[in-house]
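Undergrad: Using only what follows, build the 3D model:
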Amino acid sequence: MTKDPAFLFYYQDFLVGTNHMTTEQVGMYILCLCHQANKGNIRRTHLERICNNNHEDIYVIGEKFVQDNEHLDCLFNIRLRNEQAKRKELADKRRKSLEDWRAKQKTGKTARQYNNSNESENENESERYPHVDSQDRPHMSEHVNTHKMDFKEPIIYLNKKTGKSFDPKAKANVQFVKARYNEGRTIEQFKEVIDRKCEQWLKDPKMTNYLRPSTLFNATNFENYLNELDLPEDAQSGANEGKPHQRVDLKSLEKLVEENLSRIATDDMVVGVMRKVPKNYWWVIEKYLKRRYVDCKGISHLESKVHDKQ
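TA: Presented below is the predicted three-dimensional model:
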């Protein structure tokens with residue numbers, strides 16, 4: 001089978017997602033997407049070369065990509081990979097449907113009408129859901145979730161936890177729940193995300209406004225929140241208070257460091273991670289940076305910044 005020479009390009013989403021970029025950075029971003037479409041991912045060194053090794057450009061473009069766990073030296077854009085997977089799935093379904101139709105024609109059975117509406121499925125999505133990101137629109141191509149769920153239940157649970165009054169029947173709220181359900185998510189996972197973000201945000205005047213379905217349940221946020229790392233309490237609270245011999249799960253700590261510093265590690269980003277980690281475990285951060293970045297000289301010079309007012 002030949003390689004798919006194209007992918008769907010949602011220009012409105014692209015314009016919104018790149019409005020903070022310079023014209024040159026937009027061009028770099030498009031080049032990176034094209035190389036990923038061709039190879040399935042893009043090497044980190046290739047992205048840096050496209051950005052002319054400019055740290056600011058690498059940071060801005062790198063925010064659009066995540067690490068490929070199967071190829072640790074490579075990155076990929078989640079949206080592009082999902083769109084390519086959907087396009088392949090639609091093509092495979094159309095091919096299978098056509099083969100079935102031809103087989104029935106040959107055996108003399110009643111031919112099942114070949115439905116080629118799949119071709120326009122993605123094209124019509126924007127008309128039916130003009131204000132919803134394509135990842136949050138319901139797709140017929142999604143696999144069937146075997147877990148039965150009342151789509152109103154996560155909204156009701158969110159209202160109970162926050163004291164808010166989101167309408168459980170409103171299409172604007174339910175569409176996010178349905179989209180995640182179609183991806184195989186369960187009510188337990190919805191509640192896990194709600195519980196976690198309520199614990200973090202409910203008492204924060206700035207963040208409590210984001211305890212809403214459109215933020216918690218959209219495609220990218222839900223996946224990120226569900227996989228957020230819960231460090232032990234001592235790792236979160238005593239980072240710079242001089243508490244000796246705090247015990248931390250090293251695997252969890254290494255995962256935290258990798259998730260935050262694998263793409264690029266500016267001084268401010270490293271300081272941000274140091275503030276989350278007990279001082280007697282800063283060696284884990286330094287060890288990772290020296291292994292990941294050849295020119296890393298250590299992190300001792302950043303200690304004073306850790307204690308600065310955040």
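Undergrad: any idea how far residue 201 is from the residue nearest to residue 64 when sequence neighbours are not counted?
TA: If the residues on either side of it in the chain are set aside, residue 64 comes closest to residue 77, at 5.7 Å by C-beta to C-beta, 6 or more residues apart in numbering. Placement of C-beta: from N, CA and C, glycine included. Shown here: residue 77 relative to residue 201, a distance of 27 Å by C-beta to C-beta, to the nearest Å.
Undergrad: With residue 61 instead?
TA: 29 Å.
Undergrad: do the same with residue 227
TA: Look at residue 227 and residue 201: by C-beta to C-beta, they are 17 Å apart.
Undergrad: higher neighbour count, those two?
TA: When residue 227 and residue 201 are compared for neighbours, residue 201 comes out ahead with 18 against 9, by other C-beta atoms under 10 Å.
Undergrad: Just to check, the more buried one is in contact with residue 216?
TA: No. With contacts defined as C-beta atoms under 8 Å, residue 201 does not count as touching residue 216, sitting 9.8 Å away.
Undergrad: what residues do the two have in common as contacts?
TA: With contacts taken as C-beta atoms under 8 Å, 6 or more residues apart in numbering, residue 201 and residue 216 have residue 210 as neighbours in common.
Undergrad: any idea how far the closest residue in space to residue 63 that isn't next to it in sequence lies from residue 66?
TA: Spatial nearest neighbour of residue 63, excluding adjacent residues (C-beta to C-beta, 6+ apart): residue 263 at 7.8 Å. Taken as C-beta to C-beta, the spacing of residue 263 relative to residue 66 amounts to 8 Å.
Undergrad: what's the overlap in contacts for the two?
TA: Any residue near both residue 263 and residue 66 by C-beta under 8 Å, 6+ apart counts here, and that gives residue 75.
Undergrad: When those two are compared, which one has more neighbours?
TA: Under the criterion of other C-beta under 10 Å, the comparison of residue 263 against residue 66 puts residue 263 first, with 20 against 16.
Undergrad: low-scoring pLDDT stretches of this structure, where are they?
TA: Judged against pLDDT under 70, the low-scoring parts of the chain cover residues 1-2, 108-148, 228-250, 294, 308-310.
Undergrad: Check which helices and strands the helix or strand hosting residue 33 sits against.
TA: Residue 33 is part of helix 23-39 when elements are defined by DSSP states H and E. Contact partners of helix 23-39 among helices and strands, from 3 or more C-beta pairs under 8 Å, 6 or more residues apart in numbering; DSSP states H and E: strand 42-43, helix 44-50, helix 55-62, helix 78-107.
Undergrad: Looking at these, which is nearest to residue 71?
TA: Distances from residue 71 to each of those were compared using C-beta to C-beta; the shortest belongs to strand 42-43, at 8.3 Å.
Undergrad: what's in contact with that closest one?
TA: By C-beta under 8 Å, 6+ apart, strand 42-43 touches 32, 35-36, 65, 73-76.
Undergrad: next one: stretch 50-70
TA: 17, 20-21, 24-25, 28-29, 31-32, 35, 41-42, 47-48, 74-78, 258, 262-264, 266.
Undergrad: Domain-wise, how is this protein divided?
TA: Taking automatic domain parsing as the criterion, the chain consists of the domains 1-141, 153-226, 233-306.
Undergrad: picking up where we left off before, how about the helices and strands packed on helix 23-39 in JSON lines, adding mean neighbour count?
TA: Conversion of those to JSON lines gives the following (neighbours: other C-beta atoms under 10 Å):
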{"stretch": "strand 42-43", "mean neighbour count": "19"}
{"stretch": "helix 44-50", "mean neighbour count": "18"}
{"stretch": "helix 55-62", "mean neighbour count": "18"}
{"stretch": "helix 78-107", "mean neighbour count": "14"}
